[in-house]
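Q: Sequence first, then the predicted structure, then my questions.
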Amino acid sequence: MSTVSELKIPFKDGFTWVRVTSPDNNEQGALPLVILHGGPGFCHNYLLPLERLADATGRVVVHYDQYGCGNSTHPTGVDEDFWTPALFVEELQNVLKALDIDACHVLGQSWGGMLAAEVGIAGVEQVKSLAICNSPASMELWMQAARELKKQLPAEVQETMAKYEETGDYGAPEYQAATQVYDDHFVLRVPGGHPAYEASKQAVEADPTVYNTMNGPNEFHVVGTLREWSVVGKLDAISVPTLVLAGEFDEAQPITWEPFVEEIPSARAVVIPGASHCCHLEFSELFDAEIIKFLNQVENNEGDPQS
């Protein structure tokens, strides 16, 4: 069994909460895997099941709650332009330095994958590979995909969404119910939900500052500061092996992640059949197998990571 330690790393005027899962038997050459959660504004809980990769691969797995999220400091009195991708790239660098990690892999899910792309473009030297999971290369492409996905929903659901988006009454129970229909189709296809996902959802509901500021009221109506975010045209700066992973019914449809594959020199894509946005919860064995295969290829130089 693996062992777990938790710590608080000073950052800005507060701290970043970190959880380190260490395997009983460290595999020689197995670099730490650092997990970047989504949102922005969610927290580590829904990705905590990935700590299983510690014992499965003999490596340290690091989760942390990004600044303003979960167990980390929630600053008050900051302007909305405080919340930028650059802030979170800086935070990752601070975490790696504090943990004395000089080489690692990074796995980012949803917003975490967007952040991973920013990390790759910034050339953070400790990062030796990227797994970009369920993520778009631009919010314009994300919203294009969302508009098409909404057309697959029942007409009455679409009408409810349009009604309340026009008035901006995002808290209306009818709108929340319509949002849940979207989520059930394209975010998490687990009947009754998943406790790890619910824990993160409850945390962001308790303090939605980061999510509402950067994203907006929900997954498909992006009106926050990230609405014009894009790394398209910049991705050729990423020089490390990159895995791009998505689900068949993912809200991150191929149009959203194809630029990663087209522009990153050493990228390959995997689509998990039957899965949606949280495929690590829906098809954990398939998800793990792809991640482990990729990490082995990178660490052991087992042929072309694109194959």
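A: Nice, I can see it.

Q: Check the gap between P254 and A269 for me.
A: 8 Å (C-beta to C-beta, to the nearest Å). Backbone N, C-alpha and C define where each C-beta goes, glycine included.

Q: Overlap in contacts, those two.
A: A246 (C-beta atoms under 8 Å, 6 or more residues apart in numbering).

Q: Contact partners for the residue lying closest to R19 once chain neighbours are set aside?
A: Distances taken as C-beta to C-beta, 6 or more residues apart in numbering put H63 closest to R19, at 4.6 Å, once the chain neighbours are dropped. Each residue near H63 by C-beta under 8 Å, 6+ apart is listed here: 18-19, 21, 35, 37, 44, 47-48, 50-51.

Q: Does H63 fall in a helix, a strand, or a coil region?
A: Classification of H63 using DSSP: H, G, I helix; E, B strand; the rest coil returns strand.

Q: So what's the predicted local confidence for it?
A: Turning to H63, the model gives it a pLDDT of 98.

Q: and what of P305?
A: So P305 comes in at 51 (pLDDT).

Q: can you check R189 too?
A: R189 is assigned 94 on the pLDDT scale.

Q: Was I right to think it contacts E248?
A: No: counting by C-beta atoms under 8 Å, R189 does not reach E248; the two are 10.0 Å apart.

Q: what residues are shared contacts of these two?
A: Common neighbours of R189 and E248 (C-beta under 8 Å, 6+ apart) are 274-276.

Q: Send over the strand or helix carrying V157 as CSV, restricted to the C-alpha atoms.
A: Using DSSP states H and E, V157 falls within helix 155-167. C-alpha atoms of helix 155-167 as CSV (Å, rounded to 0.1, in the frame of the first residue of the first chain):
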residue,chain,number,x,y,z
ALA,A,155,-35.8,20.5,-27.6
GLU,A,156,-37.4,21.5,-24.2
VAL,A,157,-33.9,21.4,-22.6
GLN,A,158,-32.5,23.6,-25.3
GLU,A,159,-35.3,26.0,-25.0
THR,A,160,-34.8,26.3,-21.2
MET,A,161,-31.1,26.9,-21.7
ALA,A,162,-31.7,29.7,-24.2
LYS,A,163,-34.4,31.3,-22.1
TYR,A,164,-32.2,31.7,-19.0
GLU,A,165,-29.0,32.5,-20.8
GLU,A,166,-30.8,35.4,-22.4
THR,A,167,-31.8,36.8,-19.0
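
Q: how about the helix or strand following that helix: buried residues?
A: As assigned by DSSP H and E, the chain's next helix or strand after helix 155-167 is helix 173-186. Neighbour counts using 16 or more other C-beta atoms under 10 Å place 175, 178-179, 181-183, 185-186 of helix 173-186 among the buried residues.

Q: quick one: helix 173-186 to helix 155-167, angle?
A: 120 degrees (axes from the mean of the first three to the mean of the last three C-alpha atoms, to 10 degrees).

Q: Which strands and helices lie in contact with helix 173-186?
A: helix 139-150, helix 155-167 (3 or more C-beta pairs under 8 Å, 6 or more residues apart in numbering; DSSP states H and E).

Q: Would you mind finding the most buried of those?
A: Mean neighbours per residue, mean count of other C-beta atoms under 10 Å, is largest over these for helix 139-150, with a mean of 18.

Q: I'd like to know which elements that helix is packed against.
A: By 3+ C-beta pairs under 8 Å, 6+ apart, helix 139-150 packs against helix 173-186, helix 254-263.

Q: Cheers, nothing more for now.
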